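**Student:** Turn this into a model:
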Amino acid sequence: MQMQQTVRLFDIGVLLSEVLDFISSELVDHHKIVAYIADCLAGELGMPEEARKRAMLAGLAHDIGALSLRERMDSLKFELENPNRHAELGAMFLELADPFSDAARVVRHHHEPWNHGDCTPDTPEEAHIVHLADRVSVLIDPRREILGQVDGIRAKIRRYAGALFAPHIVGAFEFLAARESFWFSLTRPLLGASLKRRGRLMGEVSMDIDALGGLARLFCRLIDFRSRFTSTHSSGVAAVASLLSHYTGMSDDDARLMEVAGYFHDIGKLAVPLEIIEKPAALNKDEFNIVKSHAFYTYYLLDRIPMLHTVRDWAALHHERLNGKGYPFHYTFEKIPLGARVMAVADVFTAMTEDRPFRKAMRLTEAMWTIGNMADSMTLDGDIVRVLASHMDEINDVRGTAQREALESYASFGMDMKRAV
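**Tutor:** Model (predicted):
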């Protein structure tokens, strides 16, 4: 993979919105609907292209700070009791990655009420737009015919004009709401195509390995921040995979890309309920089947961005096994790329040497004995396991350092959030 490539900003935004959709079926398409409405409003108001881009990107990512299912479901209520926490946390997440940094300020203020013009002075116009778009979206019942809901939605938005919503934005919404085409565009199967047409206006961004790493760390934080038992796992896997790939003979550029893949490797776990991730006992068959879906979801999510196809294979295939007994594709040795085989060993090593809900971390010798048996059974690549064994202490030190730094970072992040809210 070239270390400097262009990627469509819209594709990155949709990737993030689909990650958020995985939390609950009730949330599917909510962020896309908000993004579409926000762009329509910005266009109706004659806002410049950069402002429209910020509004759409913020719409795609606006609830990123609602980490729990309860918070996400609460965000679908028209009147929120405490919206500032998830808005502030969402902005802090987005500030981690350059493609989203411009949208962070919009997300931070997207629940700011207009308050008859006495709102926070530095609230950007796009935030007021996303606020109204978000509230329109939560009023739509996807189970009902859309046009029959329009009068009720318009009446409720008008009722809060001046208090919650800027009157001039409500006026723009009234122009849009009078058109059946606007409402039909918000429904399946038209929403994706409608949004994609508008997404072309967002253009492309150039990303080098550092920018890609920042994006990966954003997703890593989303994954790991959900639970204390996962709070450093991806950081540990990324560090182990990068160093292990170096010792297996991969290039320096590939070693850096392995770190990125390590941050992404469990992105599909956002679809796994937290009660399963934190279960303090062995999983039953149904629960394990749900967990197995995460590798496929990782593949699916990363597949939409051509720039990430190498990362996709290295990250998503980490549960494939040389003997064909892995998941989700049941690939054998010939079809599993070297990067994915390295990732598999890095993931197993990190998982065994960290605390889990149902057990304490294994001792290093015990972990290596178990991994050696997995190599003997053609579960893991024996050559890579031997490389791990040869550099065991150094790799374990790197893992421990990365996970301690991640834990400190999360603690600092949490303190910053408490001070800000």
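
**Student:** only C-alpha atoms for contact and neighbour calcs from this point on.
**Tutor:** Fine.

**Student:** wouldn't R8 be in contact with G203 here?
**Tutor:** Yes: under the criterion of CA atoms under 8 Å, R8 makes contact with G203 at 5.9 Å.

**Student:** Which one of those two is surrounded by more residues?
**Tutor:** R8 (18 against 13; other CA atoms under 10 Å).

**Student:** The more buried one bridge partners, please.
**Tutor:** R8 has these beta-bridge partners by DSSP bridges: E204.

**Student:** What residues does it make contact with?
**Tutor:** Taking CA atoms under 8 Å, 6 or more residues apart in numbering, we find R8 in contact with 202-205.

**Student:** who touches stretch 164-180?
**Tutor:** The contact list for stretch 164-180 (CA under 8 Å, 6+ apart) reads 40-41, 44-45, 112-117, 128-129, 131-132, 147, 150, 154, 157-158, 161, 182-183.

**Student:** distance between it and the chain's centre?
**Tutor:** Centroid separation between stretch 164-180 and its chain, computed with CA atoms, centre = their mean, to the nearest Å, is 31 Å.

**Student:** What of stretch 217-225?
**Tutor:** 7 Å.

**Student:** State the mean pLDDT of that stretch.
**Tutor:** Mean pLDDT, computed over stretch 217-225, is 81.

**Student:** Ok, stretch 115-135 next?
**Tutor:** 95.

**Student:** list the buried ones in it?
**Tutor:** 123-135 (16 or more other CA atoms under 10 Å).

**Student:** Check stretch 369-378 too.
**Tutor:** Neighbour-count burial for stretch 369-378 flags 370-372, 374-375, 378 (criterion: 16+ other CA under 10 Å).

**Student:** Name the nearest of the contacts of R8 relative to D63.
**Tutor:** Ranked by distance to D63 (CA to CA), those are led by M202 at 20.2 Å.

**Student:** Let me see the domain layout of this protein.
**Tutor:** As given by automatic domain parsing, the domain ranges for the chain are 4-202, 220-420.

**Student:** before we move on, the earlier item: with secondary structure and pLDDT added, can I get the buried residues of stretch 369-378 in JSON lines?
**Tutor:** Shown next, in JSON lines, are those (DSSP: H, G, I helix; E, B strand; the rest coil; pLDDT from 0 to 100):
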{"residue": "T370", "secondary structure": "helix", "pLDDT": "97"}
{"residue": "I371", "secondary structure": "helix", "pLDDT": "98"}
{"residue": "G372", "secondary structure": "helix", "pLDDT": "97"}
{"residue": "M374", "secondary structure": "helix", "pLDDT": "97"}
{"residue": "A375", "secondary structure": "helix", "pLDDT": "97"}
{"residue": "M378", "secondary structure": "coil", "pLDDT": "96"}
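
**Student:** farthest pair in those?
**Tutor:** Across the buried residues of stretch 369-378 (CA to CA), the longest gap, 12.8 Å, separates T370 and M378.

**Student:** Quick check: H109 touching R85?
**Tutor:** No: between H109 and R85 there is no contact under CA under 8 Å: 10.9 Å.

**Student:** Distance check, the residue nearest to A315 when sequence neighbours are not counted against R312.
**Tutor:** Excluding the flanking residues, the one nearest A315 by CA to CA, 6 or more residues apart in numbering is H265, at 4.2 Å. Counting by CA to CA, to the nearest Å, the separation of H265 from R312 is 8 Å.
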